[in-house]
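Engineer: Predicted model, plus sequence, below.
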Amino acid sequence: MANSRFEYVKSFEQPDVLLPNTWIVVRIDGRGFHKLSDHYAFAKPNDRRALDLMNAAAVEVMKELPDLCIAYGVSDEFSFVFHPNCQLFERRNGKLVTTIVSTFTAHYIYKWSEYFPERPLLPPYLPSFDGRAVIYPNNRILRDYMSWRQVDCHINNLYNTTFWTMVLQGGMSNTDAEQELKGTVSADKNEILFKRFGINYNNELEIYKKGTVLYRQVCANFYDIALSVSTGANMSQQYELEEPKPAKSPADEESPVAESQQSRSQQDKIRKLRRKAQVVIDHVDIIKDEFWEKRPWILS
Ligand code: ATP
Ligand code: ATP
Ligand code: MG
Ligand code: MG
Ligand code: MG
Ligand code: MG
(Lines give C-alpha, C1' and ligand atoms only; values in the text may rest on other atoms or scores of the structure.)
(Ligands and ions follow the chains in the order given, each with its own letter.)
Protein backbone atom coordinates (compact mmCIF):
# COMPACT_ATOMS: atom_id res chain seq x y z
CA MET A 1 0.00 0.00 0.00
CA ALA A 2 2.37 2.68 1.28
CA ASN A 3 5.25 3.70 -0.93
CA SER A 4 8.32 1.71 -0.16
CA ARG A 5 11.79 1.83 -1.59
CA PHE A 6 10.94 -1.37 -3.43
CA GLU A 7 8.11 0.14 -5.46
CA TYR A 8 10.35 1.05 -8.36
CA VAL A 9 10.27 -2.60 -9.51
CA LYS A 10 6.71 -1.98 -10.70
CA SER A 11 8.18 0.13 -13.52
CA PHE A 12 9.72 -3.02 -15.03
CA GLU A 13 6.23 -4.22 -16.03
CA GLN A 14 5.65 -3.75 -19.74
CA PRO A 15 2.31 -2.50 -21.06
CA ASP A 16 0.44 -5.09 -23.13
CA VAL A 17 -2.80 -3.33 -24.00
CA LEU A 18 -4.37 -4.64 -27.21
CA LEU A 19 -5.24 -2.19 -29.97
CA PRO A 20 -8.64 -0.52 -29.40
CA ASN A 21 -11.68 -1.22 -31.57
CA THR A 22 -10.43 -4.51 -32.89
CA TRP A 23 -11.77 -8.03 -32.45
CA ILE A 24 -9.79 -9.99 -29.88
CA VAL A 25 -9.56 -13.74 -30.33
CA VAL A 26 -8.17 -15.79 -27.47
CA ARG A 27 -7.35 -19.30 -28.66
CA ILE A 28 -6.54 -21.94 -26.10
CA ASP A 29 -5.15 -25.38 -26.83
CA GLY A 30 -4.70 -28.46 -24.68
CA ARG A 31 -1.09 -29.14 -23.74
CA GLY A 32 0.10 -32.58 -24.81
CA PHE A 33 -3.41 -33.88 -25.42
CA HIS A 34 -2.12 -36.52 -27.79
CA LYS A 35 -0.53 -38.20 -24.78
CA LEU A 36 -3.34 -37.28 -22.39
CA SER A 37 -5.98 -38.71 -24.74
CA ASP A 38 -4.00 -41.97 -24.94
CA HIS A 39 -3.65 -42.14 -21.18
CA TYR A 40 -7.38 -41.73 -20.55
CA ALA A 41 -8.22 -43.92 -23.57
CA PHE A 42 -10.18 -41.41 -25.64
CA ALA A 43 -11.99 -43.14 -28.51
CA LYS A 44 -10.29 -42.68 -31.90
CA PRO A 45 -10.62 -40.61 -33.96
CA ASN A 46 -13.27 -38.70 -31.99
CA ASP A 47 -14.18 -39.21 -28.37
CA ARG A 48 -17.64 -37.73 -28.04
CA ARG A 49 -17.45 -37.30 -24.27
CA ALA A 50 -14.15 -35.43 -24.51
CA LEU A 51 -15.70 -33.01 -27.00
CA ASP A 52 -18.80 -32.58 -24.84
CA LEU A 53 -16.55 -31.80 -21.87
CA MET A 54 -14.62 -29.17 -23.88
CA ASN A 55 -17.94 -27.62 -24.93
CA ALA A 56 -19.35 -27.65 -21.39
CA ALA A 57 -16.25 -25.87 -20.05
CA ALA A 58 -16.44 -23.32 -22.87
CA VAL A 59 -20.12 -22.62 -22.12
CA GLU A 60 -19.14 -21.75 -18.53
CA VAL A 61 -16.47 -19.36 -19.85
CA MET A 62 -19.08 -17.68 -22.07
CA LYS A 63 -21.40 -17.37 -19.05
CA GLU A 64 -18.71 -15.79 -16.88
CA LEU A 65 -17.55 -13.34 -19.54
CA PRO A 66 -20.47 -11.53 -21.19
CA ASP A 67 -18.04 -9.58 -23.40
CA LEU A 68 -17.57 -12.77 -25.42
CA CYS A 69 -19.69 -12.79 -28.60
CA ILE A 70 -18.97 -16.22 -29.99
CA ALA A 71 -16.64 -19.17 -29.52
CA TYR A 72 -15.52 -21.97 -31.80
CA GLY A 73 -14.08 -25.29 -30.69
CA VAL A 74 -12.51 -28.34 -32.28
CA SER A 75 -10.37 -31.14 -30.84
CA ASP A 76 -8.49 -29.76 -27.81
CA GLU A 77 -8.79 -26.10 -28.83
CA PHE A 78 -11.26 -23.27 -28.39
CA SER A 79 -11.30 -19.75 -29.82
CA PHE A 80 -13.08 -17.10 -27.76
CA VAL A 81 -14.02 -13.85 -29.47
CA PHE A 82 -14.25 -10.52 -27.64
CA HIS A 83 -16.18 -7.66 -29.24
CA PRO A 84 -14.21 -4.60 -30.46
CA ASN A 85 -15.98 -2.56 -27.75
CA CYS A 86 -14.74 -4.84 -25.02
CA GLN A 87 -12.99 -2.92 -22.19
CA LEU A 88 -12.50 -5.86 -19.85
CA PHE A 89 -9.17 -5.53 -17.96
CA GLU A 90 -8.54 -2.41 -20.04
CA ARG A 91 -7.86 -4.87 -22.91
CA ARG A 92 -4.66 -6.07 -21.28
CA ASN A 93 -3.40 -9.09 -23.21
CA GLY A 94 -2.00 -11.02 -20.27
CA LYS A 95 -5.07 -10.51 -18.10
CA LEU A 96 -7.49 -11.58 -20.85
CA VAL A 97 -5.56 -14.69 -21.88
CA THR A 98 -4.77 -15.93 -18.38
CA THR A 99 -8.36 -15.38 -17.20
CA ILE A 100 -9.76 -17.36 -20.13
CA VAL A 101 -7.21 -20.14 -19.79
CA SER A 102 -7.62 -20.58 -16.04
CA THR A 103 -11.40 -20.25 -16.06
CA PHE A 104 -11.64 -22.83 -18.83
CA THR A 105 -9.18 -25.19 -17.14
CA ALA A 106 -10.96 -24.89 -13.79
CA HIS A 107 -14.30 -25.88 -15.32
CA TYR A 108 -12.74 -28.62 -17.48
CA ILE A 109 -11.25 -30.26 -14.41
CA TYR A 110 -14.33 -29.62 -12.25
CA LYS A 111 -16.58 -31.33 -14.80
CA TRP A 112 -14.21 -34.13 -15.77
CA SER A 113 -15.80 -36.73 -13.45
CA GLU A 114 -19.23 -35.99 -14.87
CA TYR A 115 -18.03 -37.00 -18.34
CA PHE A 116 -15.47 -39.66 -17.40
CA PRO A 117 -16.79 -41.09 -14.11
CA GLU A 118 -14.80 -44.31 -14.48
CA ARG A 119 -11.48 -42.59 -15.28
CA PRO A 120 -10.49 -40.27 -12.42
CA LEU A 121 -7.86 -37.62 -13.16
CA LEU A 122 -4.52 -38.44 -11.59
CA PRO A 123 -1.20 -36.58 -11.67
CA PRO A 124 0.95 -36.35 -13.68
CA TYR A 125 -1.76 -36.56 -16.35
CA LEU A 126 -3.63 -33.36 -15.48
CA PRO A 127 -5.15 -31.28 -18.29
CA SER A 128 -3.64 -27.86 -18.86
CA PHE A 129 -4.05 -25.34 -21.66
CA ASP A 130 -1.96 -22.69 -23.33
CA GLY A 131 -3.46 -19.53 -24.79
CA ARG A 132 -2.73 -16.52 -26.98
CA ALA A 133 -4.57 -13.40 -28.05
CA VAL A 134 -4.66 -12.16 -31.61
CA ILE A 135 -6.42 -9.02 -32.78
CA TYR A 136 -8.31 -8.73 -36.07
CA PRO A 137 -9.14 -5.32 -37.53
CA ASN A 138 -12.53 -5.96 -39.17
CA ASN A 139 -15.47 -8.34 -39.49
CA ARG A 140 -14.26 -9.84 -42.76
CA ILE A 141 -10.92 -10.87 -41.30
CA LEU A 142 -12.54 -12.13 -38.11
CA ARG A 143 -14.83 -14.31 -40.23
CA ASP A 144 -11.84 -15.53 -42.24
CA TYR A 145 -10.22 -16.51 -38.94
CA MET A 146 -13.31 -18.51 -37.95
CA SER A 147 -13.42 -20.09 -41.43
CA TRP A 148 -9.76 -21.03 -41.13
CA ARG A 149 -10.43 -22.98 -37.93
CA GLN A 150 -13.48 -24.73 -39.39
CA VAL A 151 -11.63 -25.71 -42.58
CA ASP A 152 -8.87 -27.08 -40.35
CA CYS A 153 -11.48 -29.09 -38.47
CA HIS A 154 -12.79 -30.55 -41.74
CA ILE A 155 -9.35 -31.42 -43.15
CA ASN A 156 -8.16 -33.03 -39.91
CA ASN A 157 -11.39 -34.91 -39.35
CA LEU A 158 -11.47 -36.38 -42.86
CA TYR A 159 -7.86 -37.48 -42.47
CA ASN A 160 -8.36 -38.90 -38.97
CA THR A 161 -11.61 -40.65 -39.87
CA THR A 162 -9.96 -42.32 -42.88
CA PHE A 163 -6.78 -43.17 -40.99
CA TRP A 164 -8.54 -44.75 -38.00
CA THR A 165 -11.01 -46.63 -40.19
CA MET A 166 -8.07 -48.16 -42.11
CA VAL A 167 -6.42 -49.12 -38.82
CA LEU A 168 -9.40 -50.19 -36.71
CA GLN A 169 -11.64 -51.72 -39.38
CA GLY A 170 -9.09 -52.47 -42.08
CA GLY A 171 -6.52 -54.01 -39.73
CA MET A 172 -3.69 -51.93 -41.19
CA SER A 173 -0.70 -50.85 -39.13
CA ASN A 174 -0.45 -47.15 -38.26
CA THR A 175 2.59 -46.76 -40.51
CA ASP A 176 0.97 -48.50 -43.49
CA ALA A 177 -2.17 -46.37 -43.21
CA GLU A 178 -0.07 -43.22 -42.88
CA GLN A 179 2.01 -44.24 -45.89
CA GLU A 180 -1.03 -44.86 -48.07
CA LEU A 181 -2.64 -41.54 -47.12
CA LYS A 182 0.50 -39.55 -47.93
CA GLY A 183 -0.22 -37.17 -50.81
CA THR A 184 -3.93 -38.03 -51.08
CA VAL A 185 -6.57 -35.33 -51.61
CA SER A 186 -10.06 -35.18 -50.09
CA ALA A 187 -11.66 -37.10 -52.97
CA ASP A 188 -9.20 -39.99 -52.47
CA LYS A 189 -10.04 -40.23 -48.77
CA ASN A 190 -13.78 -40.12 -49.45
CA GLU A 191 -13.29 -42.93 -51.95
CA ILE A 192 -11.25 -45.10 -49.58
CA LEU A 193 -13.97 -44.70 -46.94
CA PHE A 194 -16.80 -45.46 -49.34
CA LYS A 195 -15.37 -48.17 -51.60
CA ARG A 196 -13.44 -50.09 -48.96
CA PHE A 197 -15.60 -49.61 -45.89
CA GLY A 198 -19.01 -48.53 -47.20
CA ILE A 199 -18.77 -45.31 -45.18
CA ASN A 200 -20.26 -42.13 -46.61
CA TYR A 201 -18.28 -39.33 -44.95
CA ASN A 202 -21.27 -37.00 -45.29
CA ASN A 203 -23.13 -39.17 -42.79
CA GLU A 204 -20.57 -38.63 -40.02
CA LEU A 205 -21.81 -36.59 -37.06
CA GLU A 206 -21.91 -32.82 -37.57
CA ILE A 207 -20.00 -32.24 -34.32
CA TYR A 208 -17.04 -34.13 -35.83
CA LYS A 209 -17.24 -32.57 -39.29
CA LYS A 210 -18.00 -28.98 -38.31
CA GLY A 211 -16.73 -28.57 -34.76
CA THR A 212 -18.72 -26.55 -32.23
CA VAL A 213 -19.90 -22.97 -32.31
CA LEU A 214 -21.21 -21.28 -29.15
CA TYR A 215 -23.22 -18.09 -29.27
CA ARG A 216 -25.94 -16.33 -27.32
CA GLN A 217 -29.52 -16.98 -28.34
CA VAL A 218 -31.04 -13.61 -27.63
CA CYS A 219 -34.66 -12.58 -27.64
CA ALA A 220 -35.96 -11.80 -31.13
CA ASN A 221 -35.74 -8.04 -30.59
CA PHE A 222 -32.23 -7.96 -29.11
CA TYR A 223 -30.94 -6.33 -32.26
CA ASP A 224 -33.43 -3.45 -31.92
CA ILE A 225 -32.62 -3.11 -28.25
CA ALA A 226 -28.88 -3.13 -28.84
CA LEU A 227 -29.31 -0.52 -31.55
CA SER A 228 -31.57 1.70 -29.47
CA VAL A 229 -29.18 1.36 -26.57
CA SER A 230 -26.13 2.19 -28.64
CA THR A 231 -27.84 5.22 -30.15
CA GLY A 232 -28.83 6.32 -26.68
CA ALA A 233 -32.59 5.90 -27.20
CA ASN A 234 -34.58 5.13 -24.08
CA MET A 235 -35.27 1.49 -23.49
CA SER A 236 -39.01 0.96 -23.23
CA GLN A 237 -40.42 -0.60 -20.08
CA GLN A 238 -41.07 -3.99 -21.65
CA TYR A 239 -37.36 -4.44 -22.39
CA GLU A 240 -36.24 -3.68 -18.84
CA LEU A 241 -34.10 -6.48 -17.57
CA GLU A 242 -33.60 -7.92 -14.14
CA GLU A 243 -30.46 -6.89 -12.39
CA PRO A 244 -27.74 -9.48 -12.88
CA LYS A 245 -26.99 -11.69 -9.90
CA PRO A 246 -24.57 -10.09 -7.45
CA ALA A 247 -22.08 -12.94 -7.95
CA LYS A 248 -18.71 -11.39 -8.72
CA SER A 249 -17.21 -12.33 -12.06
CA PRO A 250 -14.28 -10.90 -14.00
CA ALA A 251 -16.86 -9.07 -16.12
CA ASP A 252 -17.59 -6.79 -13.20
CA GLU A 253 -14.14 -5.31 -13.39
CA GLU A 254 -14.05 -1.54 -13.34
CA SER A 255 -13.05 -0.32 -16.77
CA PRO A 256 -12.59 3.11 -18.30
CA VAL A 257 -14.74 4.09 -21.28
CA ALA A 258 -12.42 6.58 -22.89
CA GLU A 259 -11.46 4.32 -25.80
CA SER A 260 -14.95 3.04 -26.39
CA GLN A 261 -17.61 4.40 -28.70
CA GLN A 262 -20.38 3.46 -26.29
CA SER A 263 -20.90 4.93 -22.87
CA ARG A 264 -20.32 2.79 -19.83
CA SER A 265 -24.05 2.57 -19.10
CA GLN A 266 -24.88 1.62 -22.67
CA GLN A 267 -22.29 -1.12 -22.52
CA ASP A 268 -23.68 -2.27 -19.20
CA LYS A 269 -27.12 -2.67 -20.77
CA ILE A 270 -25.78 -4.68 -23.69
CA ARG A 271 -23.78 -6.75 -21.24
CA LYS A 272 -26.93 -7.42 -19.21
CA LEU A 273 -28.72 -8.57 -22.35
CA ARG A 274 -25.81 -10.84 -23.18
CA ARG A 275 -25.63 -12.18 -19.63
CA LYS A 276 -29.31 -13.03 -19.67
CA ALA A 277 -29.18 -14.80 -23.03
CA GLN A 278 -28.93 -18.57 -23.25
CA VAL A 279 -25.66 -19.92 -24.66
CA VAL A 280 -26.40 -22.21 -27.61
CA ILE A 281 -24.20 -25.16 -28.65
CA ASP A 282 -24.34 -25.67 -32.41
CA HIS A 283 -22.49 -27.67 -35.07
CA VAL A 284 -23.05 -25.75 -38.27
CA ASP A 285 -21.26 -24.14 -41.19
CA ILE A 286 -19.81 -20.77 -40.17
CA ILE A 287 -17.95 -20.22 -43.43
CA LYS A 288 -20.96 -19.30 -45.57
CA ASP A 289 -22.89 -16.05 -45.02
CA GLU A 290 -26.09 -17.77 -43.91
CA PHE A 291 -25.04 -18.41 -40.30
CA TRP A 292 -24.11 -14.75 -39.77
CA GLU A 293 -27.04 -13.27 -41.69
CA LYS A 294 -29.50 -15.25 -39.59
CA ARG A 295 -27.88 -14.01 -36.36
CA PRO A 296 -26.92 -10.38 -36.95
CA TRP A 297 -26.56 -9.68 -33.21
CA ILE A 298 -23.43 -11.86 -32.90
CA LEU A 299 -21.16 -9.38 -34.67
CA SER A 300 -23.17 -6.26 -33.82
P1 ATP B 1 0.42 -29.43 -28.06
O2 ATP B 1 0.77 -29.40 -26.62
O3 ATP B 1 1.50 -28.92 -28.95
O4 ATP B 1 -0.90 -28.78 -28.37
P5 ATP B 1 -1.01 -31.90 -28.49
O6 ATP B 1 -0.59 -33.31 -28.23
O7 ATP B 1 -2.12 -31.36 -27.63
O8 ATP B 1 0.30 -31.00 -28.44
P9 ATP B 1 -2.59 -31.07 -30.79
O10 ATP B 1 -2.10 -30.72 -32.15
O11 ATP B 1 -3.19 -29.96 -29.98
O12 ATP B 1 -1.39 -31.79 -30.04
O13 ATP B 1 -3.65 -32.22 -31.00
C14 ATP B 1 -4.49 -32.65 -29.98
C15 ATP B 1 -4.56 -34.17 -29.98
O16 ATP B 1 -5.36 -34.59 -28.89
C17 ATP B 1 -5.24 -34.75 -31.20
O18 ATP B 1 -4.32 -34.98 -32.24
C19 ATP B 1 -5.80 -36.04 -30.66
O20 ATP B 1 -4.82 -37.03 -30.65
C21 ATP B 1 -6.13 -35.71 -29.22
N22 ATP B 1 -7.56 -35.38 -29.01
C23 ATP B 1 -8.06 -34.18 -28.66
N24 ATP B 1 -9.40 -34.23 -28.53
C25 ATP B 1 -9.77 -35.48 -28.83
C26 ATP B 1 -11.02 -36.17 -28.90
N27 ATP B 1 -12.17 -35.54 -28.62
N28 ATP B 1 -11.03 -37.46 -29.24
C29 ATP B 1 -9.88 -38.11 -29.50
N30 ATP B 1 -8.66 -37.53 -29.46
C31 ATP B 1 -8.59 -36.23 -29.12
P1 ATP C 1 -8.62 -8.82 -8.68
O2 ATP C 1 -9.51 -9.67 -9.50
O3 ATP C 1 -8.46 -7.45 -9.21
O4 ATP C 1 -7.27 -9.47 -8.40
P5 ATP C 1 -9.18 -9.44 -5.93
O6 ATP C 1 -10.46 -9.39 -5.18
O7 ATP C 1 -8.61 -10.79 -6.23
O8 ATP C 1 -9.38 -8.64 -7.28
P9 ATP C 1 -6.57 -8.74 -4.87
O10 ATP C 1 -5.92 -7.41 -4.80
O11 ATP C 1 -5.94 -9.76 -5.77
O12 ATP C 1 -8.12 -8.55 -5.17
O13 ATP C 1 -6.58 -9.25 -3.39
C14 ATP C 1 -6.90 -10.56 -3.04
C15 ATP C 1 -7.86 -10.55 -1.85
O16 ATP C 1 -8.25 -11.89 -1.59
C17 ATP C 1 -7.25 -10.04 -0.57
O18 ATP C 1 -7.43 -8.67 -0.44
C19 ATP C 1 -8.03 -10.80 0.49
O20 ATP C 1 -9.29 -10.16 0.72
C21 ATP C 1 -8.35 -12.10 -0.19
N22 ATP C 1 -7.41 -13.17 0.15
C23 ATP C 1 -6.52 -13.76 -0.65
N24 ATP C 1 -5.84 -14.69 -0.04
C25 ATP C 1 -6.29 -14.72 1.23
C26 ATP C 1 -5.97 -15.50 2.38
N27 ATP C 1 -5.03 -16.44 2.36
N28 ATP C 1 -6.66 -15.26 3.51
C29 ATP C 1 -7.63 -14.32 3.55
N30 ATP C 1 -7.98 -13.57 2.51
C31 ATP C 1 -7.32 -13.75 1.35
MG1 MG D 1 -0.49 -26.15 -28.80
MG1 MG E 1 -2.93 -29.46 -27.99
MG1 MG F 1 -4.87 -28.82 -30.73
MG1 MG G 1 -6.78 -11.07 -7.19
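Structural biologist: Happy to help now that I have it. Ligands and ions are numbered 1, 2, ... in the order given.

Engineer: Near ligand 1, which residues of this protein are found?
Structural biologist: Within the chain, the positions adjacent to ligand 1 are 29-34, 37, 42, 46-47, 50-51, 75-76 by Cβ under 6 Å from any ligand atom. Placement of C-beta: from N, CA and C, glycine included.

Engineer: out of those residues, which touch ligand 5?
Structural biologist: For ligand 5, the contacts drawn from the residues of the chain next to ligand 1 by Cβ under 5 Å from the ion are 29, 75-76.

Engineer: ok, and for stretch 268-278, which residues are buried?
Structural biologist: 269-275, 277 (16 or more other Cβ atoms under 10 Å).

Engineer: re earlier: are any of the ones next to ligand 5 among the residues of the chain next to ligand 1 buried, and if so which?
Structural biologist: Buried members of those, counted by 16+ other Cβ under 10 Å: 75-76.

Engineer: Around ligand 5, which positions in the chain sit nearby?
Structural biologist: Contact residues (Cβ under 5 Å from the ion) of the chain with ligand 5: 29, 75-77.

Engineer: show me what contacts residue 92?
Structural biologist: For residue 92, the contacting residues are 16-18, by Cβ atoms under 8 Å, 6 or more residues apart in numbering.

Engineer: want to try JSON lines for the residues you listed, with secondary structure and neighbour count as columns?
Structural biologist: Formatted as JSON lines, those follow (DSSP: H, G, I helix; E, B strand; the rest coil; neighbours: other Cβ atoms under 10 Å):
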{"residue": "16", "secondary structure": "coil", "neighbour count": "13"}
{"residue": "17", "secondary structure": "strand", "neighbour count": "13"}
{"residue": "18", "secondary structure": "coil", "neighbour count": "18"}
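
Engineer: Next, find the distance separating residue 157 from residue 206.
Structural biologist: Applying Cβ to Cβ, to the nearest Å, the value for residue 157 to residue 206 is 11 Å.

Engineer: in this structure, which spans are strands?
Structural biologist: Remark: strands assigned in the chain by DSSP state E are 23-30, 68-74, 77-82, 129-136, 212-217, 278-282.

Engineer: Need those strands in TSV (columns: distance to residue 175).
Structural biologist: Shown next, in TSV, are these (distance: least, Cβ to Cβ, whole Å):
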stretch	distance to residue 175
strand 23-30	25
strand 68-74	26
strand 77-82	27
strand 129-136	30
strand 212-217	32
strand 278-282	37
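
Engineer: who wins for proximity to ligand 4 among the ones you listed?
Structural biologist: Proximity to ligand 4 (Cβ to the ion) singles out strand 23-30 among these, at 4.2 Å.

Engineer: between the strands of the chain, which gets nearest to residue 191?
Structural biologist: Residue 191 lies closest to strand 68-74 among those, at 24.4 Å (Cβ to Cβ).

Engineer: List of residues touching that closest one?
Structural biologist: Outside of strand 68-74, the residues within contact range by Cβ under 8 Å, 6+ apart are 51, 54-55, 58, 61-62, 78-83, 146, 149-150, 152-153, 156, 211-216, 286, 298-299.

Engineer: who's in contact with the closest residue to residue 196 other than its chain neighbours?
Structural biologist: Excluding its sequence neighbours, the residue lying closest to residue 196 (Cβ to Cβ, 6 or more residues apart in numbering) is residue 170, at 6.7 Å. Going by Cβ under 8 Å, 6+ apart, residue 170 touches 177, 196-197.

Engineer: Return the member of those nearest to residue 135.
Structural biologist: Nearest to residue 135, judged by Cβ to Cβ, of the contacts of residue 170 is residue 177 at 40.0 Å.

Engineer: what's the burial count for the closest one?
Structural biologist: 20 (other Cβ atoms under 10 Å).

Engineer: surely it meets residue 167?
Structural biologist: Yes. If you go by Cβ atoms under 8 Å, residue 177 and residue 167 touch, sitting 5.2 Å apart.

Engineer: where's the residue of the stretch 201-300 of the chain found nearest ligand 4 relative to ligand 5, distance?
Structural biologist: In the stretch 201-300 of the chain, the residue that lies nearest ligand 4 is residue 211 (14.7 Å; Cβ to the ion). Going from residue 211 to ligand 5 by Cβ to the ion, to the nearest Å gives 12 Å.

Engineer: which one is that residue nearest to, not counting chain neighbours?
Structural biologist: Leaving aside its sequence neighbours, residue 211 sits nearest to residue 74 (Cβ to Cβ, 6+ apart; 3.7 Å).

Engineer: Please consider this matter closed, and thank you.
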